[in-house]
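> fold the following and give me the result.
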Amino acid sequence: MTYKRRIIANFVLKFFGRRPRDVETKNSMKQLNPIPLLTCLLMSAVGLFYGLLYPYHLHYYEQMQMFQFSSQYFWETVLVLGGVADYVGRFLTQFFHITWAGATIMALLYGMVYLTSWLALQDGLTGQNKRFWPIVLLLPIRYLWINGCDENAMPALWIALAISLLAVFAIKKIGNNTLRRIVALLSFVVLYAAVGPLSFVMIALMALHELRQGDSMRWGWAVAFVVIALTLPQVAHRMVNWPLENLYKGIHYFRFTQVQLPYIWVAAGLIVVIDLLSHLAERYTKGREMANRIVLFSGTFAIIVVLIYLGVRQHYRPNNEVMMMYDDMVLNERWDDILSAAEKRTPKHPACVQCINLAMAMKGRMGDLLFRVPQSDAGALLPEFTINFSRPLTAGQIYLNLGWTNTAQRFVYEAQESIPDYEKSARCYKLLAQTHLARGERALARKYLKKLQKTLFYADWANETMALANDPDPKALAQHPFYGQLMRGAVKDDYFFSPDMMAMLGNYCTTTPHNHIATQYLLALALVERDLDTFVACFNLDQYLNGKERIPEYYQQALALEWTRKHQTLEGIPYNIDERVLDAMDRFVTDYNNQMPREQLERKYFFTYWYYYMTGEKPAQKSQTYESAAQS
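Numbering: from 1, shown residues only. Next up is the predicted model:
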């Protein structure tokens, strides 16, 4: 072999982990490096998981923060313990606004942790055993993935762990023992400030590395590493205003600063244990190749893949994903998509029902579709405030579209101040700017718009809205299609101490008769509360009489039921009720009076208002489509 060909062969071997075909070797398969293949498989699986199964979790991440391109925001973030990892995590999170960009970033984060863990642990391994441990290193990824199934696990933890492992790889390259140990101690202090307590992984791996050295000072340095790791948070506690518990567990790894899932520390601990076991195995096997390599490698890989699948499946939260999907579609005013999603599978969670009810009203179809979804009580239409940092946002969107700007603003304020990690939300800031503009409070709106102008994905909207807020023409807001409508529909009476939601909504509809959404909500509220007297009293007959317009399905059923209650027969009913509805009403009354068995009555009339009214059941508790409901 020529000298030039040897250089090419060594280059290929170094970077691709195998020899070229023309290089003589006993068994070229022995030199196969599994790292590139395992990394690609891992990143592909993670990317598909977040892109296909968790897309709205990614949007949720993005909505709960507001990354700003400003020096003030930079220093406010990085000067907190672990702030560098947090700043990088926030920077990446803003791209979760685009689903597949967020999925790609999450795949890169998992792949980065896997690669850096291998780089940190690969020293000292020889022979074919070196190809076995990359498979075992997938086990910590299992717990990282389980942790990632929770929408409150922050990207900073992946970044902090990867940086700590990369530091281990770099420091191990220093050949001089004394210099390496001094650099390790100084690096730990810097890393603790930059990425937080996950830097404990770095000091633990360096302590194990020093114990494997041959000099007499190795035990002293290893003990020093451990002592400094345990005492540094105590020192930091005297310098920063954070509880000592957070200085040991981390501030930016989980959205709830006082609560943290254990899986991240299980993953970090496993990396240290794998490092210890790998070197013990090398020591006692003396580099000999393990017997039945193929069986051992493939069996271990299969077991770990199954463990990953079972762990992710157990902690996967499809119900949360559905709630986030409906909330995101409300935010983006995708009313048709909401109705289509509900048609495919009817959700049962009240937050989803609230979104569907709003979509019905926005499309003018509440009277035809109301009882195709579970209407439990008035809260399914007009949600009450709950101590939560996400549910009030959905409720705020509902009240904003209803025209109750003050109530929407109050809900959004509470949501903003309830975010557990004290972050500012771009979604909250946008809603607050809108509500202040709708109230004519331009100065307050500009305060929020200035922050949004420093973001990436909200800057264009903020610039356009800022021009409107700065318009000297006092009629500019009144003539705007969105803000003008909100200003014309502003609540003029004080309902702060009024407990009667029906009276509030009725009075509001009287003062704003043009608000068709509020009218639909009033009629729906009367139906859900089974208050037919109020329903008939509020019903505007003028737009339906004389064949001007067809009365919606559930309005017809309620009017027929109310007429039957007072007149015992459907004869002489003054409303334009379809003959089909009248015939169905006759059949229902007959079957109900004849005490038809409950199962048969439910099968025939489950999606009718009559069944809801007479039995007290909540229609659409079953996952049925609109088509199957119509057929039944």
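> show me where the stretch 451-600 of the chain has its helices.
Secondary structure of the stretch 451-600 of the chain (DSSP state H, counting those that start in this stretch): helices located at 459-469, 476-479, 483-488, 501-511, 516-528, 532-538, 553-567, 579-593, 598-605.
> then the stretch 201-350 of the chain?
Taking DSSP H, counting those that start in this stretch, the helices of the stretch 201-350 of the chain run over residues 218-237, 244-249, 263-285, 293-315, 318-331, 335-344, 350-362.
> highest mean neighbour count out of the helices of the stretch 451-600 of the chain?
helix 516-528 (a mean of 23; mean count of other CB atoms under 10 Å). Glycine gets a C-beta too; all of them are placed from N, C-alpha and C.
> Q72 and W461, how far apart?
Counting by CB to CB, to the nearest Å, the gap from Q72 to W461 is 22 Å.
> save the helices of the stretch 451-600 of the chain as TSV, and put in distance to I159 too.
Listed next are the helices of the stretch 451-600 of the chain as TSV, based on distance: least, CB to CB, whole Å:
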stretch	distance to I159
helix 459-469	25
helix 476-479	43
helix 483-488	40
helix 501-511	47
helix 516-528	44
helix 532-538	56
helix 553-567	52
helix 579-593	61
helix 598-605	54
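> which residues touch V312?
Applying CB atoms under 8 Å, 6 or more residues apart in numbering to V312 gives the contacts 49, 142, 145-146, 149.
> low-confidence regions, the protein specifically.
By pLDDT under 70, the weakly predicted segments of the chain are 1-32, 124-129, 285-293, 493-499, 540-548, 616-632.
> quick one on the thing from earlier: of the contacts of V312, buried ones?
Buried subset of those (neighbour count, 16 or more other CB atoms under 10 Å): 49, 142, 145-146, 149.
> closest to R603 out of those residues?
Closest to R603 out of the buried ones among the contacts of V312 is C149 (38.5 Å), distances taken as CB to CB.
> so that closest one is in contact with E321, correct?
No: under the criterion of CB atoms under 8 Å, C149 makes no contact with E321, lying 10.2 Å away.
> so what sits against both of these two?
Counting by CB under 8 Å, 6+ apart, the contacts common to C149 and E321 are Y54.
> quote the end-to-end distance of stretch 91-109.
13 Å (CA to CA, to the nearest Å).
> next one: P420 from Y73, what distance?
19 Å.
> looking at these two, which one has more neighbours?
Taking neighbours as other CB atoms under 10 Å, P420 and Y73 compare with Y73 leading, 18 against 14.
> how far off centre is the helix or strand in which the more buried one is found?
If you go by DSSP states H and E, Y73 is part of helix 71-78. A distance of 25 Å separates the centroid of the chain from that of helix 71-78, by CA atoms, centre = their mean, to the nearest Å.
> what is the helix or strand that that helix is followed by packed up against?
For helix 71-78, the succeeding helix or strand toward the C-terminus, using DSSP H and E, is helix 83-93. Where contact means 3 or more CB pairs under 8 Å, 6 or more residues apart in numbering; DSSP states H and E, helix 83-93 is packed against helix 71-78, helix 99-121, helix 156-172, helix 177-195.
> what's in contact with helix 83-93?
Residues contacting helix 83-93 (CB under 8 Å, 6+ apart): 61-62, 65, 67, 74, 77-78, 80, 102, 105, 109, 154-160, 163, 194-196, 198, 251-252.
> which ChimeraX command selects the buried ones in these?
Selecting only the buried entries of those in ChimeraX, with 16+ other CB under 10 Å as the criterion:
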select :61,62,65,67,77,78,80,102,105,109,154,155,156,157,158,159,160,163,194,195,196,198,251,252
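> other SSEs contacting the helix or strand A395 falls within?
Following DSSP H and E, the helix or strand that holds A395 is helix 391-402. With contacts taken as 3+ CB pairs under 8 Å, 6+ apart, helix 391-402 sits against helix 318-331, helix 350-362, helix 405-417, helix 426-438, helix 516-528.
> filter the contacts of V312 down to the ones in helices?
Assigned to helices by DSSP state H, the following of those qualify: 142, 145-146.
> ok, so of those, who is nearest A45?
Distance ranking of the ones in helices among the contacts of V312 against A45, using CB to CB, places W145 first at 8.9 Å.
> look up how far Q557 lies from the residue nearest to R565 when sequence neighbours are not counted.
Once flanking residues are discounted, R565 sits nearest to L532: 7.1 Å by CB to CB, 6 or more residues apart in numbering. According to CB to CB, L532 stands 11 Å off from Q557.
> number of nearby residues for the closest residue to T512 other than its chain neighbours?
Distances taken as CB to CB, 6+ apart put G489 closest to T512, at 4.8 Å, once the chain neighbours are dropped. The local packing of G489 (other CB under 10 Å) involves 20 other residues.
> so who does L486 touch?
The contact partners of L486, taken as CB under 8 Å, 6+ apart, are 400, 403, 405, 438.
> now with 7 Å, please.
L486 makes contact with 403, 405, 438, according to CB atoms under 7 Å, 6 or more residues apart in numbering.
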